[in-house]
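In: here is my input, please return the structure:
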Amino acid sequence: MQVKLDYRDLGIRIRKRREELNIPQAELASRAGLSVQHISNVENAKSRVGLEKLVNIANALNCSVDQLLCGSLRVGRRAVYHDEIASIIEEFTDTEIQVLPEFLKNYNYIYKLLKNNIEKDK
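Out: Okay, here's the model as predicted:
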């Protein structure tokens, strides 16, 4: 079975990681040996990116390719999401940590509210 890559999710993850590192598109392009226009097109899912260029982008962003592709992976993506969630929680205040279990208990209700928007955006 052939996997269809989610280029929109890939672009979002590249942009998010770049912004986390406070790297402008021009700097990412320079580090990855690509044009600013190509980086912009990849982030906006207007262009597909080849494997070598994707590895260059991942290296420039100091992350793994699976972190960028986890929206398209079948195996191993839970581990990427666990790491992502753990890094978010590390930034929480004590009060936010205390509220989190109650929020998670109600997650299914919140998920159902958001699910239509998520599927609509794909």
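
In: count the residues that sit near Tyr81.
Out: Residues near Tyr81, counting by other C-beta atoms under 10 Å, number 13. Just so you know, the C-beta spots here come from the backbone N, C-alpha and C atoms, and that holds for glycine as well.

In: Ser40 now?
Out: 16.

In: tell me the contacts of it?
Out: By C-beta atoms under 8 Å, 6 or more residues apart in numbering, the contact set of Ser40 is Gln25, Lys46.

In: can you pull out the helices in this structure?
Out: Secondary structure of the chain by DSSP state H: the helices cover 7-20, 25-32, 36-43, 51-60, 65-69, 77-90, 94-105, 107-121.

In: hey, least reliable of those helices by pLDDT?
Out: Of all these, mean pLDDT reaches its minimum on helix 107-121 (a mean of 75).

In: so who does Ala45 touch?
Out: Neighbours of Ala45 in contact, by C-beta under 8 Å, 6+ apart: Tyr7, Arg8, Leu10, Gly11.
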